[in-house]
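*Asks:* Just the structure for this:
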Amino acid sequence: MKKSIVILFFNLLLTFCPLSAQTSFFVSPTGSDIADGSLKNPFASIEKALANTRKTQGETTIYLHAGDYRLASPLVFTNEDGGKDKKLIIRPFSNEKVVIKGSIVLDNLQWTPYKKGILKTKISGAPIIDMLLVNDEIRHQARFPNYDSSAVRFNGTSSDATNPGRVKTWKNPVDGYLHAMHQHDWGDFHYRITGKDKNGKLTMEGGWQNNRQLGLHQENRMVENIFEELDTKGEWFYNADEQILYYYPLENEDISTALFESPQLKHLIEIRGTEKNPVSSIIIESIDLTQTVRTFMEKYEPLLRSDWTIYRGGAVFFEGTENCSLKNCNLYNLGGNAVFFSKYNRNCELSGSHLTNIGASAICFVGDTSAVRSPSFEYGQFVKAANMDRTFGAKNNNYPADCRIYDNLIHRIGLFEKQITGIEISMSRAITVSHNSIYDTPRAGINISEGTWGGHILEFNDVFNTVKETGDHGSFNSWGRDRYWLPEGRTVDSLVKNAGYDKLILADATETTVIRNNRFRCDRGWDIDLDDGSSNYHIYNNLCLNGGLKLREGYYRVVENNIIINNSLHCHCWFAKSGDVCERNILMQPYPKPVALDIRDYMFDNNIFADSVALYNAHQLGIDPHSIVANIKFVNPHEGNYCIDNSCTDVFRIGFKNFDMNSVGVVSTRLKTIAEKPIFPVPVVVSNNSDSEIITWGSVQIKNLETLGERSATGMDSERGIYVVAVGAYGNELRDYLLQNDVILDFAGKSVNNINDLRLAVARADLSKPQQITVFRNQREITIIVASNAIHSIIDN
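*Replies:* Model (predicted):
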């Protein structure tokens, strides 16, 4: 009835509002491309509707009726579709569910038994089968080790993945894959297997997916698409030569009614123009976009001297556009990047969308290296000062600028690649990232690869559960290996003393990047991590819930009025006279020992410490002369309100101001109802009481569980056990097993009620063997088997 009324309304509108040209076209999976594209007689394909919109002027809308639209090739928009005095909108008709897919259905499957529960079927044609979906869920290729949802990296890794003895059991591993972590956990590498020798050594191609070529991790590696590893339910293998698909069904899975789909396309939508002939005013809204192939073996390019290389593409690809937008869409089950803004883009927007189950990064802004002056493309490379272009800013306009990412829910990304992020910014200017919720990522939630060209605003974002599979990183991460920067900091210091070279510091980071009013939490790194050379930042009014705030060498960073829960500022290898300012921050732990710098050259003052020892240590470093110690009271930390109570008059007297903590994350109702929130930690103050002292154990910080607040945060029934306060950004492998907010109850069969019990249990255990640890996590006791190399003796701070 409702649909009939809507159709009647449209018919009346067309009858009584005569137009010089048809400005609305309709498409339906049950339509016909020989129809006229009207409401009564819709087209069958979006391509046919596009061909007709190119004959119109002004504003045109393509309405899509409910159903799946399978693409044989990407939808490509040019300036014929949107340009001067021409606007194109593509949206569902009357809020119907529209799904655009880059896959085919594998039909006419005749399943027969193979062996041990595995089925097989012949596949007709010659489709790409690199990713398989069954009833809209991604299934895993035959792999070793088998998929384990609780494993830290790649859902299971093993040093035996490439063991010659195992390789010898593979009859023909050609076109299998090796996935391995960087040996320092700085992302990952991917290789296609091309053969093996008689000794079980693999021959491979690949490894270009990481810009820090320092080798593969010996233990954290996984192989897939190997027929002999097809041994567990939910796995599959496709023999392309014989065109036979093997599948091991899940328990109680009805194979006769299941829908099997295989992605065929890298991109679904491409909006392609140039600066001289841009595509403008294309709006795509309220559509589901899904099922693209994996892209980790495509051509990658380095993002200057950052740790990244990247595939320049995505399910939705913008290049040479102005005033284009993607709104209120759902992007999921994608093999590579979801959305990619490449080279020239101006005033574009991605908003109100849900991005999940993404193979690589969610959203990328990447300019063209032709716009960069004196570029270098690897960590150790640089242009000598005598040969350097000293002109400020970009050489041309071939980069994204003045774009907005607003109100998007981004989670469960990096399914196949680990050097990825929720929002990537490289060689871009003035990108606004506002009110996004980003979590469950293997690396950073937001990453800025270098200073070119700054001016970004990051505000009201909720970023947590990040760096889950890598290390030495943060929920927000940046590098600033701009043209002034050299790998040897002392060389930079000496060059800056020379007349003129100091002006190059901001030659690339020409505008200040602002990070404000965000909520960050990282349990395996820093909440905010400004790494090598990051310069020209203003960081204020942020709530850091766990990992603290790190500043490595760089210039002109102002860090003020932030709240850093159970952590502090981390100072790494600063340049002399950097112009950095750190003041009016709430700091709950002492500064960690500064790394390779004389911190007295910098403006640290008017900060608020939670205990006198922390302030004493700061005075010993020659800083914080006017900073204070205060009894910090938070309004309601259990609910995420870490505003300072009005009774803390000394805190406000020194200049600290409370800021809004209720407005972070997504704002639209449909996204807010499904967005998760981080765990809110109980504030812990290191006191002079040794029983309350925080102890470092390997890469984690622990203390006795002894307060009502700690009991409430963990759900424990009494004040016993060892409370895991924080997990380090790097260090030994213990961080792969314990999580912040765990309570350790038992070690190697010995009950542990306090730190001394744990010390004794560890001392008596045979640390050359794996050990069993019982922890209280998420309201229940679980047992963890910890590898021998992860356990160290317990050493006091």
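
*Asks:* contacts, neighbours, all on C-alpha from now
*Replies:* Fine.

*Asks:* any chance you could map the helices in the stretch 651-797 of the chain?
*Replies:* Secondary structure of the stretch 651-797 of the chain (DSSP state H, counting those that start in this stretch): helices at 669-672, 708-714, 755-764.

*Asks:* Spatially nearest residue to residue 81 (excluding sequence neighbours)?
*Replies:* residue 54 (5.6 Å; Cα to Cα, 6 or more residues apart in numbering).

*Asks:* That neighbour: how many residues sit nearby?
*Replies:* 16 (other Cα atoms under 10 Å).

*Asks:* before we move on, the earlier item: I'd like the helices of the stretch 651-797 of the chain as a markdown table, with distance to residue 436 appended.
*Replies:* Below are the helices of the stretch 651-797 of the chain laid out as a markdown table (distance: least, Cα to Cα, whole Å):
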| stretch | distance to residue 436 |
| --- | --- |
| helix 669-672 | 10 |
| helix 708-714 | 26 |
| helix 755-764 | 40 |
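
*Asks:* hey, least reliable of those by pLDDT?
*Replies:* For the helices of the stretch 651-797 of the chain, mean pLDDT drops lowest on helix 708-714, to a mean of 69.

*Asks:* pLDDT score assigned to residue 241?
*Replies:* Per-residue pLDDT puts residue 241 at 95.

*Asks:* Please identify which helix or strand holds it.
*Replies:* Per DSSP states H and E, residue 241 falls between elements, in no helix or strand.

*Asks:* Tell me how far it lies from residue 108.
*Replies:* Using Cα to Cα, to the nearest Å, residue 241 is found at 19 Å from residue 108.

*Asks:* of these two, who's got more company?
*Replies:* Taking neighbours as other Cα under 10 Å, residue 241 and residue 108 compare with residue 108 leading, 10 against 7.

*Asks:* secondary structure class for the more buried one?
*Replies:* Following DSSP: H, G, I helix; E, B strand; the rest coil, residue 108 is assigned to coil.

*Asks:* wait, residue 736 sits on residue 153?
*Replies:* No - under the criterion of Cα atoms under 8 Å, residue 736 is not in contact with residue 153, lying 9.2 Å apart.

*Asks:* overlap in contacts of those two?
*Replies:* Counting by Cα atoms under 8 Å, 6 or more residues apart in numbering, residue 736 and residue 153 have no contacts in common.

*Asks:* The residue nearest in space to the middle of the chain sits in which helix or strand?
*Replies:* In the chain, the centroid-proximal residue (Cα atoms, centre = their mean) is residue 421; its distance is 2.6 Å. Using DSSP H and E, residue 421 is not contained in any helix or strand.

*Asks:* Could you pull up the residues touching it?
*Replies:* Neighbour list for residue 421: 360-363, 413-414, 441-447 [criterion: Cα under 8 Å, 6+ apart].

*Asks:* which pair in these spans the largest distance?
*Replies:* 363 and 442 (14.9 Å; Cα to Cα).

*Asks:* More neighbours: these two, which one.
*Replies:* More crowded of residue 363 and residue 442, by other Cα under 10 Å: residue 442, with 28 against 24.

*Asks:* if I look at that one, how far off is residue 508?
*Replies:* In terms of Cα to Cα, residue 442 sits 29 Å off from residue 508.

*Asks:* buried stuff in stretch 88-104?
*Replies:* 88-93, 96, 98-104 (16 or more other Cα atoms under 10 Å).

*Asks:* Likewise for stretch 699-713?
*Replies:* 699-706, 709-711, 713.

*Asks:* out of these, who's nearest residue 582?
*Replies:* Relative to residue 582, and with distances defined as Cα to Cα, the nearest of the buried residues of stretch 699-713 is residue 701, at 25.0 Å.

*Asks:* got the contact list for the closest one?
*Replies:* By Cα under 8 Å, 6+ apart, the contact list for residue 701 reads 694-695, 724-728.

*Asks:* could I get these as JSON lines with distance to residue 176 and pLDDT?
*Replies:* Output for the contacts of residue 701, formatted as JSON lines (distance: Cα to Cα, whole Å; pLDDT from 0 to 100):
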{"residue": "694", "distance to residue 176": "47", "pLDDT": "79"}
{"residue": "695", "distance to residue 176": "45", "pLDDT": "81"}
{"residue": "724", "distance to residue 176": "40", "pLDDT": "88"}
{"residue": "725", "distance to residue 176": "41", "pLDDT": "81"}
{"residue": "726", "distance to residue 176": "39", "pLDDT": "76"}
{"residue": "727", "distance to residue 176": "35", "pLDDT": "77"}
{"residue": "728", "distance to residue 176": "35", "pLDDT": "72"}
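
*Asks:* Among the residues you listed, name the buried ones.
*Replies:* 694-695, 724-728.

*Asks:* Now flag whichever of those residues is closest to residue 748.
*Replies:* Among the buried ones among the contacts of residue 701, residue 724 lies closest to residue 748 (Cα to Cα), at 17.6 Å.

*Asks:* The closest residue to that closest one other than its chain neighbours bridge partners, please.
*Replies:* Spatial nearest neighbour of residue 724, chain neighbours left out: residue 702 (4.5 Å); criterion: Cα to Cα, 6+ apart. When bridges are called by DSSP bridges, residue 702 pairs up with residue 695, residue 724.

*Asks:* Now do residue 245 against residue 462, distance only.
*Replies:* Distance, residue 245 to residue 462, using Cα to Cα: 42 Å.

*Asks:* Of the two, give the one with the bigger neighbour count.
*Replies:* residue 462 (28 against 18).
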